[in-house]
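Student: kindly generate the corresponding structure for this input.
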Amino acid sequence: MSLTIDRLSQAGRWRKRAPMEKAALALGLLALALVLPPWPGGALVLGAAWGLALGGARIPPGDWLRLNAVPLGFVLTGAAALAVDVDAQGLHLAADQGRRAALVVLRAAAAVSALLLLAATTPAPDLVRGLRRLGLPAEIAEIMLLTWHFLFLLLDQAAAIRTAQEARLGWFGPRRQVRSLGLLIAQLLPRAMDRARRLEVGLAARGFDGSLPMISTARPASRPVLALILGGQSALAGVSLWLG
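Tutor: Numbering: from 1, shown residues only. Predicted structure coming up:
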């Protein structure tokens, strides 16, 4: 069992691009989403992020929509409170007709899409190695990687328990579904902790000294590509200011 975002980053079209290039692209778009006005700047950043994800990185539309659905669901829930007013007369549309809520959603959607563009095209180990080169302490980097691996242990255990329950018709009917879900949650943590303990013992038996050296191919960033990225972001900012 794997996370969609991990599968996309490992098998995507931009897998072999330099992490520095992808970071410059995504973080630059994130900065523009935060600095430029939501309209038209946020809309332009949102369109650029979606265009790069679907057209450049060739992320399947269904996967990209699912990645955006959860964070945007939280954004829409919060924006709903800005779109309405509650007073003695009851619940009604805000005085600005929901304009402030729409601007918040637009800016947040642009920022989320920029971050997801980086996450969906760059594997987590590559991101951690990049942070190490920027001065992140080795201990924190190793904790990040071990936490990432532990997440997959949880997913594997959950999938195994769910498969066993389905084989016994444990998910047939609403009552059984609720009961099976409770049993799954109750069994998941002890099994995952046992797997983690065995992982710790295995690392200790192999002489683990606090670091996990891995073979990685250096991918230096291309100066022309970085110049193209910065030029495109500057043009996007210029168009936003011109239209605004």
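Student: now tell me what touches the host helix or strand of residue 70 from outside.
Tutor: Using DSSP states H and E, the element containing residue 70 is helix 61-83. Contacts with helix 61-83, where a contact means C-beta atoms under 8 Å, 6 or more residues apart in numbering, come from 4-5, 8, 50, 53-54, 93-94, 98, 100-102, 104-105, 108-109, 112-113, 116, 120. (Glycine included, C-beta is placed from N, CA and C.)
Student: next SSE after the least confident helix or strand in the chain by mean pLDDT?
Tutor: Lowest by mean pLDDT, DSSP states H and E among the helices and strands of the chain is strand 90-93, with a mean of 64. For strand 90-93, the following helix or strand on the C-terminal side (DSSP H and E) is helix 99-119.
Student: what residues of that following helix count as buried?
Tutor: For helix 99-119, the neighbour count (16 or more other C-beta atoms under 10 Å) marks 101-119 as buried.
Student: what packs against it?
Tutor: helix 4-11, helix 19-35, helix 43-51, helix 61-83 (3 or more C-beta pairs under 8 Å, 6 or more residues apart in numbering; DSSP states H and E).
Student: where does the chain have low pLDDT?
Tutor: 1-2, 85-88, 90-98, 208-218, 244 (pLDDT under 70).
Student: tell me the domain boundaries of this structure?
Tutor: 4-122+222-243, 131-205 (automatic domain parsing).
Student: please compute how far the longest helix seen in the chain lies from its chain's middle.
Tutor: The longest helix of the chain (DSSP state H) is helix 174-205. Centroid separation for helix 174-205 versus its chain: 24 Å, with C-alpha atoms, centre = their mean, to the nearest Å.
Student: and what of stretch 137-151?
Tutor: Relative to its chain's centre, stretch 137-151 lies at 17 Å (C-alpha atoms, centre = their mean).
Student: burial count for the closest residue to residue 103 other than its chain neighbours?
Tutor: Among residues not flanking residue 103 along the chain, residue 38 sits closest, at 4.0 Å (C-beta to C-beta, 6 or more residues apart in numbering). Applying other C-beta atoms under 10 Å, we find 21 residues neighbouring residue 38.
Student: do residue 79 as well
Tutor: For residue 79, the neighbour count with other C-beta under 10 Å is 19.
Student: so that it lines up with my notes, have the first residue be 4 from now on.
Tutor: Got it, the first residue is 4 from now on, which makes the last one we talked about residue 82.
Student: contacting residues for the residue nearest to it when sequence neighbours are not counted?
Tutor: Take residue 82 and drop its neighbours on the chain: the residue closest to it by C-beta to C-beta, 6+ apart is residue 104, 4.2 Å away. Residue 104 makes contact with 82-83, 85-86, 97, according to C-beta under 8 Å, 6+ apart.
Student: out of those residues, which are buried?
Tutor: Applying 16+ other C-beta under 10 Å to these flags 82, 85-86 as buried.
Student: can you put those residues in TSV and add distance to residue 188?
Tutor: Listed next are the buried ones among the contacts of residue 104 as TSV, based on distance: C-beta to C-beta, whole Å:
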residue	distance to residue 188
82	31
85	35
86	35
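Student: let me know the closest of those to residue 163.
Tutor: Of all those, the one with the least separation from residue 163 (C-beta to C-beta) is residue 82, at 39.2 Å.
Student: kindly provide the distance from the closest one to residue 112.
Tutor: 10 Å (C-beta to C-beta, to the nearest Å).
Student: now do residue 53
Tutor: Taking C-beta to C-beta as the measure, residue 53 falls 9 Å from residue 112.
Student: residue 137 now?
Tutor: Residue 137 is 28 Å from residue 112, by C-beta to C-beta.
Student: again with residue 29
Tutor: Noted for residue 29: a distance of 15 Å to residue 112, by C-beta to C-beta.
Student: now the phi/psi pair for residue 20, please.
Tutor: When read as degrees, to the nearest 10, the backbone of residue 20 gives phi -70, psi 150.
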